[in-house]
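> pasted the sequence and its predicted model underneath.
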Amino acid sequence: MERSVTVATPQRSRRFLRSGVGSPGDPDATVRRRRRRLTGLLLLLAALVVTVLASIAIGSKPIALADVWHALVSPTGTEDDIVVGSLRVPRTMLGLVVGIALGVAGALMQGHTRNPIADPGLLGVNQGAAFAIVLSIFLTGTDDLYTLVWFGFAGALVATVAVFALGSVGKGGPTPVTLALAGAALSALLYALTSALVLLDAQSLEAFRFWRSGSLSGRDPEIVVQVLPFLAAGLVLALVNSPGLNALSLGEDVARSLGQSVVRTRVVGIAAVTLLTGAAVSACGPIGFVGLIVPHMARAVTGPDYRWLLPYSGLLGAVLLLASDVLGRVVARPGELQVGIMLALVGAPFFLFLVRRKRMVRL
């Protein structure tokens, strides 16, 4: 008996991309999947609203809900009004945009490297920003946060360009493996140089310790205004990159047969990761685990379709970051734990679980 063989033609692959990567194309299944994704998106938006309100209402200083509402609607300059309007609201807005940026960047990074334990810092962004910040303090003596944000962002950009240049050496051009190796090598070098600088200068060490912990506190609304254009540009590039990533998930040969430029898709994706992560890290420090955990949580609902995975990852990243920040304010009253520490406490067990569950990490 002869066995029928299904040939993966470009037309069939295009139908797969339209209905969801790897889906059988069943209309009823497609409708159910779309309904489930839309329902999940609405639930995530509701969860985000709740965490934003909790971030504004809850802090190390207890404030009644009526006073919080008064501070938001008709402030009169009382101490509670200043705490809510000048501290909590800017902190919440920064956590919102940084969480979205890190969640989307993590999904892009895992998709382009095909590495389930990749995070946005794999391209040397974190170490590039850290080295630039410490070098600026060492050379100029400035500890102004607004100035350091720009130095950090510039360092992140330069580090990513260097990693991409190193990973592009050879006939094959940039590949997930060469980019990961180049990023690991450059990160190790920059970490050594940063450590040498902080040992030579006490001021650099003190500023670096505060930045390194990863925090949303002590940031002025002007910081959000400074990094917002770069975050917006990164999100636009990420959305533009999603169809190309869907094609790449079918294999590079199939992607080329569909008319996708593999090199252009990788360049756009890496540019998006650089803008998103560079802006987030320069403003808040290297906040870990968001870009690692969130894409796996989102993929459990959306599947591998990046048109849905990226929005889910952004919203989940914001919810996780804000919830961890609120928790850090509550568990150590009257003080607080920085959000980078809280995320490490949450993320480390999840990382161990992820490593042990091979089925979950398959991309």
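Arrived safely, thanks for sending.
> number of residues surrounding Glu79?
Other residues within reach of Glu79 by the criterion other CB atoms under 10 Å amount to 11. No exception for glycine: its C-beta is placed from N, CA and C like everyone else's.
> kindly report the same for Ala165.
Number of residues near Ala165 (other CB under 10 Å) recorded here: 11.
> over to the one 4 residues further on?
With neighbours defined by other CB under 10 Å, the count for Val169 comes to 11.
> on the three-state scheme, it is what?
Of the three states, Val169 takes coil according to DSSP: H, G, I helix; E, B strand; the rest coil.
> for the longest helix seen in the chain, packing partners?
Using DSSP state H to assign secondary structure, the helix with the most residues in the chain is helix 27-57. Contact here means 3 or more CB pairs under 8 Å, 6 or more residues apart in numbering; DSSP states H and E; on that basis helix 27-57 packs against helix 65-73, helix 89-113, helix 290-302, helix 306-331.
> adding mean pLDDT, mean neighbour count and distance to Gln260, write the ones you listed out as JSON lines.
Conversion of those to JSON lines gives the following (pLDDT from 0 to 100; neighbours: other CB atoms under 10 Å; distance: least, CB to CB, whole Å):
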{"stretch": "helix 65-73", "mean pLDDT": "86", "mean neighbour count": "15", "distance to Gln260": "47"}
{"stretch": "helix 89-113", "mean pLDDT": "91", "mean neighbour count": "27", "distance to Gln260": "13"}
{"stretch": "helix 290-302", "mean pLDDT": "88", "mean neighbour count": "24", "distance to Gln260": "21"}
{"stretch": "helix 306-331", "mean pLDDT": "92", "mean neighbour count": "24", "distance to Gln260": "13"}
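> ok, Gly99 to Val52 distance?
Gly99 is 11 Å from Val52, where distance means CB to CB, to the nearest Å.
> list the residues that contact both of those two?
Leu322 (CB atoms under 8 Å, 6 or more residues apart in numbering).
> for Asp67, which non-adjacent residue is closest in space?
With sequence-adjacent residues excluded and distances taken as CB to CB, 6 or more residues apart in numbering, Asp67 is closest to Asp80, at 4.7 Å.
> residues near Ala29, how many?
As a burial measure, Ala29 scores 13 neighbours (other CB under 10 Å).
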